[in-house]
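1. Sequence first, predicted model second:
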Amino acid sequence: MGSRRQARELALQLLYQHELTQTPLEEMQKHFEGWKRASTSVREFADSLVRGTLDNSGEIDEILEEQTSNWRLDRLAAVDRNILRLALFELLHQEGTPAAVVIDEAIEVAKKFGAEESSRFINGVLDGFVKSRQKAV
């Protein structure tokens, strides 16, 4: 597994735990074995993803609500919701990664951590977001 995928997986786990427990990020990192075992570069990228997602959560959740018009955010599975938040942060604020790569990575993470249908749902929401942005330009 590539280091960026590993970072995305760590970021997802931290976002999920933060949402459920409201534990401060530094505290979670201090006690998370996966975090301690990860390389410095993986931790740095994961940290930037988590902080960026949390710092932009209002904007991200607003977009998510638009993209999932038939679903309230609180009705989405917590794993799916956080995979989508993470991917939307990358699509909006990490311009170095092509949209197709961000979507593919989110799908792969969903296959590992989500339910059976999660990867298709994630793909549909993110693809719809990218297409709606392309139309707007």
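-> On my side now, so go ahead. Numbering: from 1, shown residues only.

2. Just give me the residue right at the centre of this protein.
-> Against the mean C-alpha coordinate of the chain, by C-alpha atoms, centre = their mean, the closest residue is residue 86 at 2.0 Å.

3. Check the gap between that one and residue 135 for me.
-> Distance of residue 86 to residue 135, given as C-beta to C-beta, to the nearest Å: 24 Å. Glycine gets a C-beta too; all of them are placed from N, C-alpha and C.

4. now the helix or strand where the residue nearest to the centre of the chain lies: mean pLDDT?
-> Following DSSP states H and E, one finds residue 86 within helix 78-93. On average, the pLDDT along helix 78-93 is 97.

5. repeat for stretch 96-114
-> Stretch 96-114 shows a mean pLDDT of 95.

6. Any stretches of this structure with poor pLDDT?
-> Within the chain, the ranges that satisfy pLDDT under 70 run 1, 136-137.

7. Recalculate using a threshold of 90.
-> In the predicted model, the chain carries pLDDT under 90 at residues 1-2, 66, 68-74, 94-96, 132-137.
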